[in-house]
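*Asks:* Quick one, what's the 3D model for this:
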Amino acid sequence: MSDDALKGYRGLARATLQKHGVSVWSNAEVHTATAHFKGIVLPRPETADDRHIVLKLDSGYNIGVAAESVTRITEHGRREAHYKIPEKEFPRDPHKPNITLFGTGGTIASRLDYRTGAVIPAFSPGELYGSVPELADICNLQTEKLFGIFSENMAREQYIRLAERIGSEIERGVDGIVIGHGTDTMHHTAAILSFMVQDSPVPIVMVGSQRSSDRPSSDAALNLINAVKAAAEGDIAEVVVCMFGPTSDEYCLLHRGTRVRKMHSSYRSTFRTIGDIPLAMIAPHYIKHLRDDYRRRRTDRNVTINTAFAEKVTILYYYPNMLPDVVDAVVEKGYRGIVIAGTGLGHVNKPLYGALRRAVDKGVHMYMTVQTLWGYVQMYVYETGREIMELGVVPAANMLPEVAYMKLCWALGQTDDRAEVRRIMLTPVVDETTEREPYNGYLVFQGAIPEVQEFLRNIKR
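*Replies:* Sure, this is the predicted structure:
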């Protein structure tokens, strides 16, 4: 059997397919001693192991069957899949708003390259229209691929270019901007853009997907539709994140860019507003505002772009028995700013005091946040907190650690003057710190508790 007929298969898996006369794209029934599966034999990524046969089931999900467990494979014809996204010309309507969609590498609409196992995003307006035709009912769409990287590779260069392009598009006259972004660091980018792009007259909506478009449970299309609707029709002219609200395909939430965080590695409803409530609920047929203290859409083209960013800043997540050489090492490497995620109300152990003092004496700017995420730094309450403040560590109220990190990068990109950095850090720009946490700004349900179980029985999960 040719290499083309057994794309990507090696070793035991290849030998098993050859033994039963089955090749890639066979519509087959695979039997093992304990079960049998029906599906299409898929190619294997070049970097995959040589011990599994991969089937795409009728449900749309892929499974791997251990080759050593296979007792029989029966072929029922062939059904070669072509994963080219249909491309149609995106219709334009002079009466609809004009939206620009920037791509950074996140998966919005995609196909799967079975040669490499990589998800290939669809990104031209024609590809997006072919995948999500509902977009044409909302706006005139223009797309621009700025980067093609995983979100963990977003850094200073990408933040600056993205902010500058947002500014250019606003000045050009677009009615809203959507940013396709990987979910893993979307909240970091939302934070830095909130500082780099201020007083926008139009919505700036970040969107991604937890599950790629080739999966039946993908959230990509609904997230994209709702994000484009928020940019085209919404009144919230801030940097926001638009992602699933509940785990069901019901609505998305718009989260303020400085108060949002990814909270689960795989749930579609992974993004949560921390210490506050979301700005709005949004679905294809409605936008429901949950608060009214947001920055509103304007008709002017004025926007402030400040792309300052210092790279020598870090977060130190405090843990018991942390040794002072950790802080000393960071300072020796030339870091100018340190955000500490402290315990409780903003604490670290006493053995670190000397290192903190040495850091401050060398001009390092140090800010305290809480690793609990919810709640405020309150360093006046206990002796430990008061001592740490006397060393020169500044409490950062209820700023999230990642947001404080991004803001300190931005502040130190503008000045190294201690008083001015402190002023910038402690002056709210877009509600990165708030005067209080609303009573419903902290909700963490614990399963198995009777009242929680009763509540869950009455809601859609």
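
*Asks:* who's in contact with residue 327?
*Replies:* Residue 327 is in contact with 316, 338, 352, 355-356, 358-359, counting by CB atoms under 8 Å, 6 or more residues apart in numbering. Placement of C-beta: from N, CA and C, glycine included.

*Asks:* now for these, which pair is the farthest apart?
*Replies:* 316 and 358 (14.3 Å; CB to CB).

*Asks:* These two: who's more crowded?
*Replies:* A count of neighbours by other CB atoms under 10 Å puts residue 316 above the other of residue 316 and residue 358, at 19 against 15.

*Asks:* With residue 433 as the reference, measure out to the more buried one.
*Replies:* Look at residue 316 and residue 433: by CB to CB, to the nearest Å, they are 20 Å apart.

*Asks:* ok but residue 281 is inside a helix, no?
*Replies:* No. Counting by DSSP: H, G, I helix; E, B strand; the rest coil, residue 281 falls outside a helix, being strand.

*Asks:* so who does residue 210 touch?
*Replies:* 183, 219, 243-244, 266-268, 270.

*Asks:* excluding its backbone neighbours, what's nearest it?
*Replies:* residue 268 (4.8 Å; CB to CB, 6 or more residues apart in numbering).

*Asks:* Residue 219 is in contact with the one you found, correct?
*Replies:* Yes. Taking contacts as CB atoms under 8 Å, residue 268 lies within contact range of residue 219: 4.4 Å.

*Asks:* Just give me the residue closest to the centre of this protein.
*Replies:* Nearest to the mean C-alpha position of the chain, by CA atoms, centre = their mean, lies residue 183 at 2.1 Å.

*Asks:* Let me know the secondary structure of it.
*Replies:* From three-state DSSP, the assignment for residue 183 is coil.

*Asks:* and the one helix or strand residue 191 maps to, what does it pack onto?
*Replies:* Residue 191 belongs to helix 186-196 when assigned by DSSP states H and E. With contacts defined as 3 or more CB pairs under 8 Å, 6 or more residues apart in numbering; DSSP states H and E, helix 186-196 has these neighbours: helix 156-172, strand 204-207, strand 239-244, strand 260-262, helix 401-412.

*Asks:* Give me the subset of the contacts of residue 327 lying in helices.
*Replies:* Cross-referencing the contacts of residue 327 against helices under DSSP state H gives 355-356, 358-359.

*Asks:* about what we covered before: mutual contacts of residue 268 and residue 219, please.
*Replies:* By the contact definition CB under 8 Å, 6+ apart, residue 268 and residue 219 are jointly contacted by 210-211, 243-244.

*Asks:* Take these and write them to CSV, including pLDDT and distance to residue 330.
*Replies:* Formatted as CSV, the shared contacts of residue 268 and residue 219 follow (pLDDT from 0 to 100; distance: CB to CB, whole Å):
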residue, pLDDT, distance to residue 330
210, 87, 33
211, 78, 37
243, 97, 33
244, 95, 37
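
*Asks:* among those, which two are most distant?
*Replies:* Going by CB to CB, the pair spanning those furthest: 211 and 243, at 11.7 Å.

*Asks:* just the helices in the stretch 301-450 of the chain please.
*Replies:* 324-332, 353-361, 383-390, 401-412, 418-426, 450-457 (DSSP state H, counting those that start in this stretch).

*Asks:* Mind putting the ones you listed into TSV with distance to residue 77?
*Replies:* Shown next, in TSV, are the helices of the stretch 301-450 of the chain (distance: least, CB to CB, whole Å):
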stretch	distance to residue 77
helix 324-332	62
helix 353-361	69
helix 383-390	71
helix 401-412	52
helix 418-426	65
helix 450-457	45
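
*Asks:* Those: which one's closest to residue 124?
*Replies:* Closest to residue 124 of these, according to CB to CB: helix 401-412, at 31.3 Å.

*Asks:* Just among the contacts of residue 210, which is most surrounded?
*Replies:* Each of the contacts of residue 210 was scored for neighbours by other CB under 10 Å, and residue 243 scores highest at 27 neighbours.

*Asks:* quick one: that one from residue 393, how far?
*Replies:* 34 Å.

*Asks:* Contact partners for the residue lying closest to residue 429 once chain neighbours are set aside?
*Replies:* If the residues on either side of it in the chain are set aside, residue 429 comes closest to residue 195, at 5.8 Å by CB to CB, 6+ apart. Contacts for residue 195 (CB under 8 Å, 6+ apart) come out as 306, 406-407, 410, 429-430.

*Asks:* same check, this time on residue 304
*Replies:* So residue 304 contacts 197-199 (CB under 8 Å, 6+ apart).

*Asks:* Quick check: bridge partners of it?
*Replies:* Counting by DSSP bridges, residue 304 is bridged to residue 198.

*Asks:* residues of stretch 376-386 that come out buried?
*Replies:* For stretch 376-386, burial by neighbour count (16 or more other CB atoms under 10 Å) applies to 376-377, 379, 384-385.

*Asks:* Residue 138 contacts residue 93, doesn't it?
*Replies:* No. Contact criterion CB under 8 Å: residue 138 and residue 93 do not qualify, at 10.1 Å.

*Asks:* tell me the contacts of residue 12?
*Replies:* 50-51, 67-68.

*Asks:* The same query, at a cut-off of 10 Å, please.
*Replies:* For residue 12, the contact set (CB atoms under 10 Å, 6 or more residues apart in numbering) comprises 49-53, 66-68, 70.

*Asks:* what's the domain layout of the chain?
*Replies:* Structural domains assigned to the chain are 4-78, 98-305, 313-426, following automatic domain parsing.

*Asks:* Return the most buried member of these.
*Replies:* Ranked by mean neighbour count, those are led by domain 98-305 with a mean of 20 (mean count of other CB atoms under 10 Å).

*Asks:* what's the closest of the helices of the stretch 301-450 of the chain to residue 369?
*Replies:* Of these, nearest to residue 369 by CB to CB is helix 401-412, at 4.5 Å.

*Asks:* where exactly do the strands run in the stretch 201-350 of the chain?
*Replies:* Ranges of strands in the stretch 201-350 of the chain, per DSSP state E, counting those that start in this stretch, are 204-207, 239-244, 252-256, 260-262, 271-273, 280-283, 286-289, 304-305, 313-317, 337-342.

*Asks:* among these, which is nearest residue 42?
*Replies:* Of all these, strand 239-244 sits nearest to residue 42, with 27.6 Å by CB to CB.

*Asks:* Nearest residue to residue 294 in space, please, no chain neighbours.
*Replies:* In space, residue 294 comes closest to residue 236 once its chain neighbours are excluded; the distance is 4.8 Å by CB to CB, 6+ apart.

*Asks:* from memory that neighbour sits against residue 205, does it?
*Replies:* Yes. Using CB atoms under 10 Å, residue 236 makes contact with residue 205 at a distance of 8.7 Å.

*Asks:* Point out where the stretch 1-150 of the chain drops to low pLDDT.
*Replies:* Residues of the stretch 1-150 of the chain meeting the criterion pLDDT under 70: 1-4, 46, 80-87, 106-123.

*Asks:* which residues of it fall in helices?
*Replies:* Under the criterion DSSP H, counting those that start in this stretch, the stretch 1-150 of the chain contains helices at 11-19, 125-131.
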